[in-house]
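Engineer: Please find the sequence and the predicted model below.
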Amino acid sequence: MRLTPRDRLVLFAPVAVLLTGWLVLPALIGLFETFTTYAPFGATVRFSGLANYADVLRDREFGAAVRNIAVFTVVAVPLELGVGFALAYLLRRPIRGRRLWQVLLLVPWLISPIANGVMWHFLFGSATGIMDFVMGWVGHPDIPSPIGNAGLALPITIAVEVWRMAPFVTFLLLPGLLSIPTERWEDATLNGAPWIRRVLDVALPSLRPLLLAITMLLIGLTLGTFDGVLILTGGGPGTSTVTPALYSYRRAFGVNDWPTGAASAWLIAAGVFGAGLVYMRALRTGQSA
Amino acid sequence: MSGLRSQRRRDGAIRAILLTAALTVFTLPLVWTALAAVGLRANNNTRPPSWIGSPTLDHFRDVGIAEPSFWQELATSTVSAALAAALTVAASLPAAYGLARSHFRGDRLLTQGFLVLASLPAMAYVIPLSDLMRRSQLVDTFAGLVLTEAAVTTPLAIYVLHGAMTQLPDDWEEAAWLDGAGLLRVIGQIVVPLAAPNIAATAIILFVLDWNLLLVPLVLTAGQIKTVPLAMIDFFTFERELEWPTAAAALIISLVPVALLVMVFHRVLDRFALNVAQVD
């Protein structure tokens, strides 16, 4: 309130430099390049209009990637929110050793997606993994790793990602859940409302802005899924788990087709910005209501 | 009344059972990995499956044999993540403060814009960024890695710290301004101490995020600078598949620094709140 223009300059300059230099400028240069034939070591650059986008959109593999990521987002994000919320709800009331529960339940999120891929690869592998261990006790013969099965690879990848991200949702939700005034819970409890009503009438309305913010983050992260599949499935079998980010990476750095790599990357960005618009609008309708 | 009490007790028991089940699902894969790392493996070739091996720390040594520079990569990861987290906080805190204390048209929109930016996957800008870094001679340098990691996590840091700033009581600040304190003194002597737990929580989460980044180091380095996630990829290529116990040991080593950090500072971590600014 007493900030002078000079104060503002001091406050915002570091962030402005960091974000302009490393985020905004590259993104805009990249956007410009998608309309050209630019390549890092190429000699000539010609304007090519929308040709790169047409190439990407015509590519069957990109189509598969879009379909995969749509399934991934529609399934994984609600599951992460649901499981994350359920865990936070269970931890809401005082329980002995709550902090220990909280810390232990956050551990899956601490593993890098790459390490996670390595871990689950082995856990599904037959010689020493969990899956065959359990199956062996039940009496089933060795079953091949579901990662190598075109029909199961995507569901398994989604399950592994939910396993890793749901704890983070719990971590983000729990402080919000704990900050809901006790009277609101008590009103619902005295009225004899079942737990589902407490969730729907007390928890969800109070947490609406927080849930929206978490959903925004999860959608963005999911649309950019890259390291989660790189080791676990490598996009395969075939194209059954390929994602737009993986496609984009392979275009730019694998086959050195720079402009289509950047173009497909910008299509991901467009998806995230679209989600961002919906998010902003949802936030505003919540406020006026 | 006694009906209510017995219902309470029943609810408590159900909760304990559900939590135990959840904890099993979420930690069993890691326990399995930790056991393999210390030499205890399942043998699924027998019927029923059995356990083989005896406790040993040899697999941790094997990591250094399979990847001779692993310990150096661990150091690179630690130092770069710590520096990047510190840089992000140092740059984001003033901006978050300025944003929280200024009122202009569209200020909320701008704040929420940072969340959208934080949700933007690195893939969206990393291709041209790698080219830009190559041209500015920052590719495959430690400075380039730290600066990029810092920039990538800045939008999230601004968003979270902005929430913390709006929660601060402003009467102390007000008094300091009236005493004629300058901007830096207000921030250094009032804002930072008051928001210290929030700042610490943010820094820890940023460290974890930086520690686990893959795409940024992947495209910005060419062998000179290597972080642990990059080493993990090398561990696991189709030409060279590591033994499971060695991979498990590497995995556990990569998890220990962040797990320790979270355990030691678990008390401040609930201060990492996503959008308190919105809750009125």
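Structural biologist: Received it, and whenever you're ready, just let me know what you need. Numbering: from 1, shown residues only, chains lettered A, B, ... in the order given.

Engineer: So which residues of the stretch 101-250 of chain A form helices?
Structural biologist: A:113-124, A:130-138, A:153-178, A:182-190, A:195-197, A:204-223, A:227-230, A:244-249 (DSSP state H, counting those that start in this stretch).

Engineer: Compare the ones you listed and give me the one nearest residue B:264.
Structural biologist: In terms of CB to CB, the element of those nearest to residue B:264 is helix A:153-178, at 16.3 Å. C-beta: built from backbone N, CA, C; applies to glycine.

Engineer: Select, out of the helices of the stretch 101-250 of chain A, the one closest to residue B:167.
Structural biologist: helix A:153-178 (11.9 Å).

Engineer: do the closest one and chain B meet?
Structural biologist: Yes. Contact of helix A:153-178 with chain B (CB under 8 Å from any CB of the partner chain) involves A:163, A:166, A:167, A:171, A:172, A:174, A:175, A:176, A:178.

Engineer: low-scoring pLDDT stretches of the stretch 1-150 of chain A, where are they?
Structural biologist: A:1, A:126, A:141-142 (pLDDT under 70).

Engineer: Can you pull the domain assignment for chain B?
Structural biologist: Following automatic domain parsing, chain B resolves into domains at B:2-56, B:68-278.

Engineer: Tabulate the ones you listed in JSON lines, adding columns for mean neighbour count, distance to chain A and mean pLDDT.
Structural biologist: Converted to JSON lines, the domains of chain B look like this (neighbours: other CB atoms under 10 Å in any protein chain shown; distance: least, CB to the nearest CB, whole Å; pLDDT from 0 to 100):
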{"stretch": "domain B:2-56", "mean neighbour count": "14", "distance to chain A": "4", "mean pLDDT": "84"}
{"stretch": "domain B:68-278", "mean neighbour count": "20", "distance to chain A": "2", "mean pLDDT": "89"}
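
Engineer: Those: which one's closest to residue A:201?
Structural biologist: Closest to residue A:201 of these, according to CB to CB: domain B:2-56, at 18.1 Å.

Engineer: Nearest residue to the spatially most central residue of chain B in space, please, no chain neighbours.
Structural biologist: The residue lying closest to the centre of chain B (CA atoms, centre = their mean) is residue B:208, at 1.8 Å. Distances taken as CB to CB, 6 or more residues apart in numbering or on different chains place residue B:258 nearest to residue B:208, at 5.0 Å, with adjacent residues excluded.

Engineer: Please give me every residue in contact with the one you found.
Structural biologist: Going by CB atoms under 8 Å, 6 or more residues apart in numbering or on different chains, residue B:258 touches A:110, B:207, B:208, B:211, B:212.

Engineer: any idea which of these is closest to residue A:57?
Structural biologist: Using CB to CB, the contacts of residue B:258 come closest to residue A:57 at residue B:212, 32.1 Å.

Engineer: For the closest one, give me its contacts.
Structural biologist: Counting by CB under 8 Å, 6+ apart, residue B:212 makes contact with A:110, A:111, A:112, A:113, A:114, B:229, B:258.

Engineer: Going by residue numbers, what spans are helices in chain B?
Structural biologist: Remark: helices assigned in chain B by DSSP state H are B:2-37, B:58-66, B:70-101, B:107-119, B:123-135, B:142-167, B:171-178, B:183-186, B:192-194, B:196-212, B:215-220, B:228-235, B:244-264, B:266-269.

Engineer: Turn the ones you listed into CSV, columns for distance to residue A:202.
Structural biologist: Output for the helices of chain B, formatted as CSV (distance: least, CB to CB, whole Å):
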stretch, distance to residue A:202
helix B:2-37, 16
helix B:58-66, 49
helix B:70-101, 29
helix B:107-119, 25
helix B:123-135, 38
helix B:142-167, 22
helix B:171-178, 32
helix B:183-186, 39
helix B:192-194, 31
helix B:196-212, 26
helix B:215-220, 40
helix B:228-235, 41
helix B:244-264, 30
helix B:266-269, 25
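
Engineer: Tell me which of the ones you listed sits nearest to residue A:69.
Structural biologist: Closest approach to residue A:69 among the helices of chain B (CB to CB): helix B:123-135, 11.5 Å.

Engineer: For the closest one, which helices and strands make contact with it?
Structural biologist: For helix B:123-135, the elements it packs on are helix A:25-33, helix A:244-249, helix A:258-288, helix B:142-167, helix B:215-220, judged by 3 or more CB pairs under 8 Å, 6 or more residues apart in numbering or on different chains; DSSP states H and E.

Engineer: how about 6 Å then?
Structural biologist: Applying 3 or more CB pairs under 6 Å, 6 or more residues apart in numbering or on different chains; DSSP states H and E, we find helix B:123-135 packed against helix A:25-33, helix A:258-288, helix B:215-220.

Engineer: could you dump the ones you listed to CSV with distance to residue B:113?
Structural biologist: Listed next are these as CSV, based on distance: least, CB to CB, whole Å:
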stretch, distance to residue B:113
helix A:25-33, 14
helix A:258-288, 8
helix B:215-220, 22
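
Engineer: which of these is buried the deepest?
Structural biologist: helix B:215-220 (a mean of 22; mean count of other CB atoms under 10 Å in any protein chain shown).

Engineer: Show me how far it is from its chain's centre.
Structural biologist: 17 Å (CA atoms, centre = their mean, to the nearest Å).

Engineer: The contacts of residue B:258: which two are farthest apart?
Structural biologist: Going by CB to CB, the pair spanning these furthest: A:110 and B:207, at 10.6 Å.

Engineer: Just give me the neighbour total for residue A:20.
Structural biologist: Residue A:20: 13 surrounding residues under other CB atoms under 10 Å in any protein chain shown.

Engineer: Out of the contacts of residue B:258, which is nearest to residue A:127?
Structural biologist: residue A:110 (26.7 Å).
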